[in-house]
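**Q** task: produce atomic coordinates for the following.
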Amino acid sequence: MIIRPIAHKDLAALRQIAIESGPGFTSLMDDRDFLTRKIQHSIDSFARDVVQPGTESYLFVLEDSETGEVMGTTGIEAAVGLNSPLYHYHKSQVVHHSHEMGLFKRVDVLNMCNHYTGCSEVCSLYLRPAFRRPNAGKLLSKVRFLFMAQHPQRFAETVIAEMRGVSSDDGRSPFWDWFREHFVDLDFATVTGLTGAGNKRFIAELMPKYPLYTHLLSLAAQEVIGQVHEKTRPALSLLEAEGFRHKGYVDLFDGGPTVEAELRQIRSVAEAVECRIQTVGVRTPVLRRAKGQGQVLAVANSGTSDFRAGLTDQATYLPQHNLLQIPSPLARSLGLDDGGTARFIQLASAQAAANLDTVTMPGRHQQEYLYAH
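**A** Presented below is the predicted three-dimensional model:
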């Protein structure tokens, strides 16, 4: 498996992913022109000489090394909300208190805001069901942090992730159903399609601008505020392990949580090791691992337009020399030569990856990493 920047040749696969992901996955829509523009914008962003984050959008694909098929996508927005507003609801509490009458009432409220304007966003993570395999989802998630660690000047100090909220297979959101009944008579698929295409004017025109007391919402809507889609839970767990936390901001349409972290404090950014590369043959003795070694590593080159990342459990890191020895075939696929600079992070132990190969994966395990945000 290799991660690389998206190219125009991936348009058909990207359209298929847009179809498979369904309503609520607002960063991708089944619209050829929209997706073509998105691919071109990503190509331009990778090619741009950047000293501070702007409107760049980086979209990566996970490619099967043997067949060339696109297995999934993952992306980063350099600075959100600059060209069009990024709206959220912030859930907080207000207190109504009358000392004279001895009455005290604490209630939850939702306030519309643009709190995250200018932050970077990790987004567009989708692993196609047919390609579920060990460490594929982890690679899609963590490769973004490898790229950010390599090129920190391209990103903001705060990084967010909008997690997909609760919705049904037929594209209905309990949270949005209440808003549709009282404010905006458009179905969930339509409003998410509009926002995905950048058409957010209706939010300012039709959505309530004053604080919403949550106890006035339907019980079904109240119950999903800050909750994630069942297929998004593994992705949320990954981000929480990286240090992302929910601070009360939720999506306007499905009530899903937005989580945040400081760029330099993200675990995979902080722990990524920059090193030199030595390429070796797969049968070279230096690759024979001692007891306790054998971690699965994600390794990335230092490029932008030619960025590549992949996995290996056949690497040896020599900290005293800051040298990572990797098999020659992997080095070639990543565009790395002897003495070149790379960065790596640990994904899992080799034994853990091997165990995944033998696990029967019904139910939740089968759904792991299908949706992220």
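**Q** so, low pLDDT: which residues of the stretch 151-300 of the chain?
**A** 282-294 (pLDDT under 70).
**Q** which stretches of it form strands?
**A** 158-162, 212-213, 245-250, 257-262, 273-280, 295-301 (DSSP state E, counting those that start in this stretch).
**Q** any idea which element the residue most central in space within the chain lies in?
**A** In the chain, the centroid-proximal residue (CA atoms, centre = their mean) is residue 123; its distance is 3.7 Å. In this assignment (DSSP states H and E), residue 123 forms part of strand 120-127.
**Q** now the helix or strand following that strand: mean pLDDT?
**A** Next in sequence after strand 120-127, counting helices and strands by DSSP H and E, comes helix 136-150. Mean per-residue pLDDT for helix 136-150: 94.
**Q** that older thread, relative to residue 224, how far out is the residue nearest to the centre of the chain?
**A** Distance from residue 123 to residue 224, counting by CB to CB, to the nearest Å: 21 Å. All C-beta atoms are positioned from the backbone trio N, CA, C, and that covers glycine.
**Q** mind listing what the residue nearest to the centre of the chain touches?
**A** 27, 75-77, 161-162, 373 (CB atoms under 8 Å, 6 or more residues apart in numbering).
**Q** between those, which is nearest residue 266?
**A** residue 161 (10.7 Å; CB to CB).
**Q** and for that closest one, the neighbour number?
**A** If you count neighbours by other CB atoms under 10 Å, residue 161 ends up with 25.
**Q** residues contacting it?
**A** By CB under 8 Å, 6+ apart, the residues touching residue 161 are 121-123, 239, 244, 258-260, 372-373.
**Q** go again using 7 Å as the cut-off
**A** Residue 161 sits next to 121-122, 239, 244, 258-259, 373 when contact means CB atoms under 7 Å, 6 or more residues apart in numbering.
**Q** okay, and the beta partners of it?
**A** For residue 161, the beta-bridge partners are residue 259 (DSSP bridges).
**Q** picking that back up, indicate which one of the strands of the stretch 151-300 of the chain is closest to residue 230.
**A** strand 257-262 (14.1 Å).
**Q** for the closest one, buried residues please.
**A** Within strand 257-262, the residues scored as buried using 16 or more other CB atoms under 10 Å are 257-261.
**Q** once you drop chain neighbours, what's closest to residue 218?
**A** Excluding the flanking residues, the one nearest residue 218 by CB to CB, 6 or more residues apart in numbering is residue 178, at 4.7 Å.
**Q** got the end-to-end distance for stretch 256-271?
**A** 29 Å (CA to CA, to the nearest Å).
**Q** try stretch 244-253
**A** Stretch 244-253: ends 22 Å apart by CA to CA.
**Q** can you redo the contacts of residue 161 as JSON lines with distance to residue 95?
**A** Listed next are those as JSON lines, based on distance: CB to CB, whole Å:
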{"residue": "121", "distance to residue 95": "33"}
{"residue": "122", "distance to residue 95": "36"}
{"residue": "239", "distance to residue 95": "32"}
{"residue": "244", "distance to residue 95": "29"}
{"residue": "258", "distance to residue 95": "25"}
{"residue": "259", "distance to residue 95": "27"}
{"residue": "373", "distance to residue 95": "33"}
